[in-house]
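Trainee: I would like to see how this sequence folds:
(2 chains)
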Number of protein chains: 2
Amino acid sequence: MTTPSANDELTLLDRYWRAANYLSVGQIYLMDNPLLRQPLQAEHIKPRLLGHWGTTPGLNFIYAHLNRIIRQRDVDLLYVCGPGHGGPGMVANTWLEGSYSKIYPHISEDAEGMQRLFKQFSFPGGIPSHAAAETPGSINEGGELGYSLSHAFGAAFDHPELIVPCVIGDGEAETGPLAASWHGIKFLNPQRDGAVLPILHLNGYKIANPTLFGRSSDDDLQQLFSGYGYEPLFVCGDQPAAMHQQMAQALDQAFNTIARYQQQARSGSADEAIPRWPMIVLRSPKGWTGPKEVDGKKVEGFWRAHQVPVSACREDDAHRQILEQWLQSYQPETLFDEAGKLRPELRALAPQGNKRMGASPYANGGRLRRALNTPDISEFALETGVPGSHSGEATKQFGHYLSAIFQRNQDNFRLFGPDETASNRLTPVFDVTSRSWMAETESYDEQLARDGRVMEILSEHQCQGWLEGYLLTGRHGLFNCYEAFIHIVDSMFNQHAKWLKVSRKLGWRQPIASLNYLLSSHVWRQDHNGYSHQDPGFIDHVANKKADIVRIYLPPDANTLLWVGDHCLRTWDRINVIVAGKQPSPQWLDMESAKTHCEAGMGEWHWASCTDEPEVVMACAGDVPTMETLAAVDLLRDYLPALRIRVVNVVDLLALQTQEEHPHGKGEAEFDALFTRDKPVIFAFHGYPNLIHRLTWQRNNHRNFHVHGFNEEGTTTTPFDMTVLNQLDRYHLAQSAILHVPGLAERHPELLDDLQQRIAEHHRYVREHGEDVPEVRNWQWSGRR
Amino acid sequence: MTTPSANDELTLLDRYWRAANYLSVGQIYLMDNPLLRQPLQAEHIKPRLLGHWGTTPGLNFIYAHLNRIIRQRDVDLLYVCGPGHGGPGMVANTWLEGSYSKIYPHISEDAEGMQRLFKQFSFPGGIPSHAAAETPGSINEGGELGYSLSHAFGAAFDHPELIVPCVIGDGEAETGPLAASWHGIKFLNPQRDGAVLPILHLNGYKIANPTLFGRSSDDDLQQLFSGYGYEPLFVCGDQPAAMHQQMAQALDQAFNTIARYQQQARSGSADEAIPRWPMIVLRSPKGWTGPKEVDGKKVEGFWRAHQVPVSACREDDAHRQILEQWLQSYQPETLFDEAGKLRPELRALAPQGNKRMGASPYANGGRLRRALNTPDISEFALETGVPGSHSGEATKQFGHYLSAIFQRNQDNFRLFGPDETASNRLTPVFDVTSRSWMAETESYDEQLARDGRVMEILSEHQCQGWLEGYLLTGRHGLFNCYEAFIHIVDSMFNQHAKWLKVSRKLGWRQPIASLNYLLSSHVWRQDHNGYSHQDPGFIDHVANKKADIVRIYLPPDANTLLWVGDHCLRTWDRINVIVAGKQPSPQWLDMESAKTHCEAGMGEWHWASCTDEPEVVMACAGDVPTMETLAAVDLLRDYLPALRIRVVNVVDLLALQTQEEHPHGKGEAEFDALFTRDKPVIFAFHGYPNLIHRLTWQRNNHRNFHVHGFNEEGTTTTPFDMTVLNQLDRYHLAQSAILHVPGLAERHPELLDDLQQRIAEHHRYVREHGEDVPEVRNWQWSGRR
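Mentor: Numbers count the residues shown, from 1 in each chain, chains lettered A, B, ... in the order given. Below you'll find the predicted structure:
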């Protein structure tokens, strides 16, 4: 191994860095004359100048130094680029190492390819201005900021050979999700996991502001990151030669430390404490090596370098001259040969083959993905007997299935959740694994282990970020969460959906396992925690996304949850949302019926329906709405034995849409056969009623849909009172049916009165006794059709 | 001032604490026999035991000690209770000090009141299990966790007399938003602002897990919080007497330090550095003073104490005995007199009047709210001339209005944003104020000042949390944000909407200023940043909330934005979302027309419409859709001069709903007069098309609505290409009109061909030149009707 003071090597490395910088500036500005072999003319400049220069030289600096590490140590590195808006840097580096042209052969390694490389950047029909799915070596876009470090930890879990340098901009470092993600080391086991090397890149400025960390003293940063558990190493300055020396030394020290911890852990000689992992604080000027001043205003080392430092290069000769001098300052003729190819002595600095960070299979996780080994769900089927006669806990039963998943997929599956796995009743998983916990434990602790595979931290952001990183690098997982609080990651969901939409169209990106959510402790069973915990709106948010990406399932009982959960875990390139109950509740379908029903996505429950053409359809989606619907049907059969009722249950919510809107959408004939073309449909829905209208407004019978759901009426009360407050209960559903079947209310006003009395009686009883009326608590489906 | 070692006082204080603990346990368990004057029977126990004991004794401990500080120093304290699920503690303390009975006279300060106090807790028709809007002294619920400390800073800004002790549970401390909120001190100016005293309460456990901070060493915590800029004071133990001593000393030290910093700053003797504010780390057992063990399992000091530590008290005599002994351990007879009233020597420990934290006007911010002093918007009106003939930047013009707001409301208004105020073109505000910045500055820095009133941190969570805290304590503000990234605070928005819904129904809570969002850099003008920055879905999320809480405005130009912005800033108890453009674009309405149009919420644009009954309605909402609609109308008038077109613009989006659904909803007749009952409506919409369907599906003419909007087709491209990709452009809108006016497409197939050719020409041109075709770039409304 050469020492960092091997100046020859660092001189070469500096040239490599200049090549990357040259290519970065070229992408932002040029559409022609890529090697500056002619004087720079207006027509060589793009009409719209887009891109972010400020962070880019720092990203290039790090990339070049990591190449050195890879070559010297033959390690697998995944470069997580938090400042993904520095897209030109990632593109430049992957072109220099050859991985870009491998994927995109028309962007060849010569002058013509370089011209195309430049022109395509931020150009219509070209590539985005940020590192994105299109960028080799990238697993995240970094546009929104906040998730790079949790992605890095997700990538490192169960990848013992992998080291993930993660560049965090000082802007991103101000965000909440990033601030919490430093805790990741408390879950990283050097025996079975890889390592993460955070590189906090302080260039001092955001769009128009200094950064908080940029203006913090070294001493404060030293204390802060020591307090988080790291050993910070500082690399600070603006003189390239000295900075190369510092950076090489810091990286050598960091990788030595990582190797030592791993070696100790893997040879069994580690002590029990969490290793004090290294991290690097890199202070370098924003827009480093760019123009110092433009029009008399400070640019390099200031926020004016954030995007395009000199902007009127097409119209203004003086600006164009600044640009030309800037580009020439990298001495392109010393970097590229006659043909425009990187000179061989520089190309030799890049790693080879899959060791190149742009060719890393870890950055194209589908290449590493091994199918999940799933058990036969029948093994976990709940005996149901006559529908509605048995009680069961859906998520607990699914927990048994998950424990088999853990046993069959020892290094390929993890379960994530914000301290809610037990609360969501997935407790059977603790029979076969524990919570991941690297800190010290007490004698009375339960289900904590250094090799635990249940990832719990009270941060939905970390759960989501870790899972995304885990999936993006080729593994499988499930995020279990309270339904209301999954909104915390709405925006992360968006960004992942966007990533999938784009990556699915790229032939070279292999499919990754779907991102699966299991939402429990849902709106109808947060009567004890109250209004703040009651929100079913995440599925509304999800339904806005591209139809080929998203699925929403509302299994009404344990066997349907088993089918749905198993199905979701075996899909790829999707986001599946499952909403399921954890409380004991009636079980409706045996496993065979559950399979048939879930495969269809929705269907008539014949055992609860009349055989003839119905007068009213009682539809339901979700476990509580299903129970209330069947209870309402029971009531109606008491009142009106001759009334022809059809019961329809919907599991696959987006199947309500038309076939044009969603691949699971039902055809017109099938939909009409189920919901009729003209009969009232009383639809008891788990979420906001408007979602059903939004999904069905194109249907022939939509005008007759009367949807009951969550109307933002909540508080701390009893479970049944929650449904009454929102008129989703059996009494209101029965009322609704009577009101909407033509003539019925006129013929039987006494029934509406009776239902009103039952509601009043409920109110009186619950406020006196603090629990639901026995008739409701002890209710069981009659079995009558 | 007595010293903390005044043991008599601390002995009394300990009894006060025991009284609060007693009342907390009583609330969780008892529905009768509140003073245990009879042996505890099953029927005294509630049938459902709900509530969180674990955090409560710690909250009570802190509350009692803060009372001591208030009495000794006569300070105004606002108790921000992050672990709001410890509701029984907040309720107990406000009852003890008398502020509870003042607001709720039926919960009187005697045995009968105590019985009601106990029974109502978590009981149907009673109060929530968490501290919530119903709880005196509370400004947040704390159910979701993560926002307490940003609320505390928001409350302290511009309240120089206020000190905000903020209790942060070690669960909440793991969340991202909380982790970033420690930075608040870098924005707190001791000269004009109050102080925040964070109290990190480490009881070691979450629902079923140890906490990360609970298992961190004192040394790590010392370093971490020093690194954040604080001076941490540690109070650790489980022996009450010693803990009282430690806590009293720590608080004395903290309040002395705060007083010193404030005195220095206000007398002009402070140095420029950010004060090293104190914070307290309080380590005490979870469920402190509760049962040590139940059924042989550890409870006190463990996660089993999180909710109800002994659960079968109604059915199980042994459990009931544990409960009785536990309650008796507080010696209620020494705490309450014969009548059930707190003994006078204890009551003397509580502050008086508004100094009581439960009676603090800061916790009922409407009591402090002063109306915003707003200028006449006409002063800022943009000259428009003939509609469409002038260009203007809407948000910049609104920036001029905001600068006047700043001038007229020196301590009553702030603007919040994640480093995007300049990017969103609100730059005129920097003529009159700066960004708040307490750290050191460089000579070349711009618009940074210790007394700046623009609050910028790259954390949407902090912007939202600060603004909420600022509003909840009686002031006014605006959050400006990139449209796509406002999803980051979806969940915070939810919780604030929930708070407003509940607080509006409480007579004693005075209205607070509305929470106003100005979303700019919106989906149609993020062509340069690309797909990750393109998401208009926040308004979908907002539209799910209770109609009386939310408003959504899409002003199409500068004068409409001025009217809408001014209107929103003068409302209360609402959440207003304004989506507006920042780019130069055509101006349509002079100020007088803007007022009329915005007051109506939507209307026909007569200057662009035919005078007769229309054959097609071209509707639009949002600035870009409006421009594309008018351009489409221009095209159609070229093609078909005789075609009768009506142009309708919608500003107040929820006015599309029916009157039953929303207070702004249009009546059936008015809606039908505008949109007709049977003519095609080509609706160009800013957001996801389904939102328009969801808002209008009950309308007579809904079947004829053809909505164009964002279909998740995005990338880095030109502005116009963004609309073409999503078929929101003039060509697709004109096509849609031709296709949906009966017979037109059949009579004029050549027009569809021509439009298709224009689209193809656009594609060719933009991919070659990298900018939009001149015909689009230079387009101006013809003025033809």
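Trainee: what about the residue lying closest to residue A:27 once chain neighbours are set aside, neighbour count?
Mentor: Take residue A:27 and drop its neighbours on the chain: the residue closest to it by Cβ to Cβ, 6 or more residues apart in numbering or on different chains is residue A:121, 3.8 Å away. Using the backbone N, CA and C atoms, a C-beta is placed for each residue, glycine as well. Using other Cβ atoms under 10 Å in any protein chain shown, the number of residues around residue A:121 comes to 27.
Trainee: near chain B, anything from stretch A:677-688?
Mentor: Yes - contact of stretch A:677-688 with chain B (Cβ under 8 Å from any Cβ of the partner chain) involves residue A:688.
Trainee: put the alpha carbons of that stretch into CSV.
Mentor: C-alpha atoms of stretch A:677-688 as CSV (Å, rounded to 0.1, in the frame of the first residue of the first chain):
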residue,chain,number,x,y,z
ARG,A,677,-76.2,-0.7,-12.7
ASP,A,678,-79.0,0.8,-10.8
LYS,A,679,-79.3,-0.5,-7.2
PRO,A,680,-78.2,1.4,-4.1
VAL,A,681,-74.7,0.5,-2.9
ILE,A,682,-74.1,1.2,0.8
PHE,A,683,-70.4,1.2,0.9
ALA,A,684,-68.7,0.9,4.3
PHE,A,685,-65.1,2.1,3.8
HIS,A,686,-62.1,2.0,6.0
GLY,A,687,-60.9,5.5,5.0
TYR,A,688,-62.2,8.9,3.8
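Trainee: how about that stretch: buried residues?
Mentor: Judged by neighbour count (16 or more other Cβ atoms under 10 Å in any protein chain shown), stretch A:677-688 contains these buried residues: A:679, A:680, A:681, A:682, A:683, A:684, A:685, A:686, A:687, A:688.
Trainee: repeat for stretch A:254-272
Mentor: So stretch A:254-272, judged by 16+ other Cβ under 10 Å, has buried residues A:254, A:255, A:257, A:258, A:261, A:262, A:265, A:270.
Trainee: let me know the closest of these to residue A:226.
Mentor: Of all the buried residues of stretch A:254-272, residue A:226 sits closest to residue A:257, with 14.3 Å by Cβ to Cβ.
Trainee: grab the nearest non-local neighbour of the closest one.
Mentor: Using Cβ to Cβ, 6+ apart, the closest residue to residue A:257 is residue A:278 (4.8 Å).
Trainee: thought residue A:252 was touching that neighbour, still the case?
Mentor: No - the pair residue A:278 / residue A:252 is not scored as a contact, 10.6 Å apart, by Cβ atoms under 8 Å.
Trainee: so what's residue A:349 up against?
Mentor: A:12, A:13, A:16, A:64, A:67, A:68, A:71 (Cβ atoms under 8 Å, 6 or more residues apart in numbering or on different chains).
Trainee: leaving out chain neighbours, which residue sits closest to it?
Mentor: Counting by Cβ to Cβ, 6+ apart, the residue nearest residue A:349 is residue A:16, at 5.0 Å.
Trainee: count the residues that sit near that neighbour.
Mentor: 28.
Trainee: regarding it, what is its secondary structure?
Mentor: Under the three-state scheme (DSSP: H, G, I helix; E, B strand; the rest coil), residue A:16 adopts helix.
Trainee: which SS class is residue A:552?
Mentor: strand.
Trainee: pLDDT score assigned to residue A:6?
Mentor: pLDDT for residue A:6: 62.
Trainee: for residue A:690, same thing?
Mentor: 95.
Trainee: that one: what's its closest spatial neighbour, skipping adjacent residues?
Mentor: residue B:694 is the one closest to residue A:690 (Cβ to Cβ, 6+ apart), at 5.1 Å.
Trainee: now for the one you found, how many residues are close by?
Mentor: 22.
Trainee: surely it and residue B:543 touch.
Mentor: Yes - under the criterion of Cβ under 8 Å, residue B:694 makes contact with residue B:543 at 7.2 Å.
Trainee: shared neighbours, the two?
Mentor: With Cβ under 8 Å, 6+ apart, residue B:694 and residue B:543 have common neighbours residue A:690.
Trainee: how is chain A divided into domains?
Mentor: Domain assignment for chain A, taken from automatic domain parsing, gives A:7-362, A:378-586, A:604-777.
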